[in-house]
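> model this:
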Amino acid sequence: KEEAYELVRKGLRADLKSHVCWHVYGLLYRSDNNYLEAIKCYTNALRFDKDNGQILRDLGMLQIQMRDVAGFVDTRYRLLQQRPSNRNNWISFAVAHHLDGNHELCVQILTAYESTLDEISPSEAYEHSELLAYKALVLQEGGQPDAALSLLEQQQVRSAAG
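As a prediction, the model looks like this:
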């Protein structure tokens, strides 16, 4: 382990702007449960490679683990901007706002994601129903129990008809 740290430090001495070295340094710190230092390393890595999805995902995981919800929201937004066709990015961004207490924006994001769907195939029906159940939960937690009930009733009618 100490050899790995030494090799990363040596790499940084050779090229302080290496996003790979900073990322690996962060991974080492994370493996040692030194999450704050890992976050600093990931942030440095992103200074030199702003759009690296893997580093952003690693940073986001640590941010939420350390309860840095505002940072998590920002990171998930950056990932959504990079790959708006990825369902996980939409849902993670919505969850980030839910955790940040912004229920209305969470629902808006989920609705925006749903509007990108052409048709829900039978193989995706279960996942979509889970998404709608989550949306109803967020509505209920956000003080809109009637809207949550209406959403669930609409889904029940669609399921019975389909």
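> which outside residues touch stretch 81-89?
For stretch 81-89, contacts defined as CB atoms under 8 Å, 6 or more residues apart in numbering pick out 51, 53, 56, 76, 79, 80, 90, 113. All C-beta spots, glycine's among them, are computed from the backbone N, C-alpha and C.
> how about the helices in this structure?
For the chain, applying DSSP state H gives helices covering 2-14, 19-31, 35-48, 53-65, 69-82, 87-99, 103-115, 125-141, 145-161.
> how many neighbours does residue 73 have?
22 (other CB atoms under 10 Å).
> hang on, it packs against residue 95?
No - the pair residue 73 / residue 95 is not scored as a contact, 9.7 Å apart, by CB atoms under 8 Å.
> just want the most central residue of this structure.
Note on the chain: the residue nearest the mean C-alpha position is residue 92, at 3.6 Å, using CA atoms, centre = their mean.
> contact partners for that residue?
60, 76, 79, 80.
> neighbour-wise, which of those leads?
Busiest of the contacts of residue 92 [other CB under 10 Å] is residue 76, holding 26 neighbours.
> quick check: that residue vs residue 147, distance?
As for residue 76, its distance to residue 147 is 24 Å (criterion: CB to CB, to the nearest Å).
> how about JSON lines for the helices of the chain, with mean pLDDT added?
Converted to JSON lines, the helices of the chain look like this (pLDDT from 0 to 100):
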{"stretch": "helix 2-14", "mean pLDDT": "96"}
{"stretch": "helix 19-31", "mean pLDDT": "97"}
{"stretch": "helix 35-48", "mean pLDDT": "97"}
{"stretch": "helix 53-65", "mean pLDDT": "97"}
{"stretch": "helix 69-82", "mean pLDDT": "98"}
{"stretch": "helix 87-99", "mean pLDDT": "97"}
{"stretch": "helix 103-115", "mean pLDDT": "97"}
{"stretch": "helix 125-141", "mean pLDDT": "95"}
{"stretch": "helix 145-161", "mean pLDDT": "85"}
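> what number of residues lie near residue 155?
16.
> any idea how far residue 91 is from residue 106?
Counting by CB to CB - residue 106 and residue 91 are separated by 10 Å.
> ok, the two, which is more surrounded?
In this view residue 106 and residue 91 are compared by other CB under 10 Å, and residue 106 has more residues nearby, 24 against 18.
> show the contacting residues for that one.
Residue 106 makes contacts with 94, 95, 97, 98, 138, 142, as judged by CB under 8 Å, 6+ apart.
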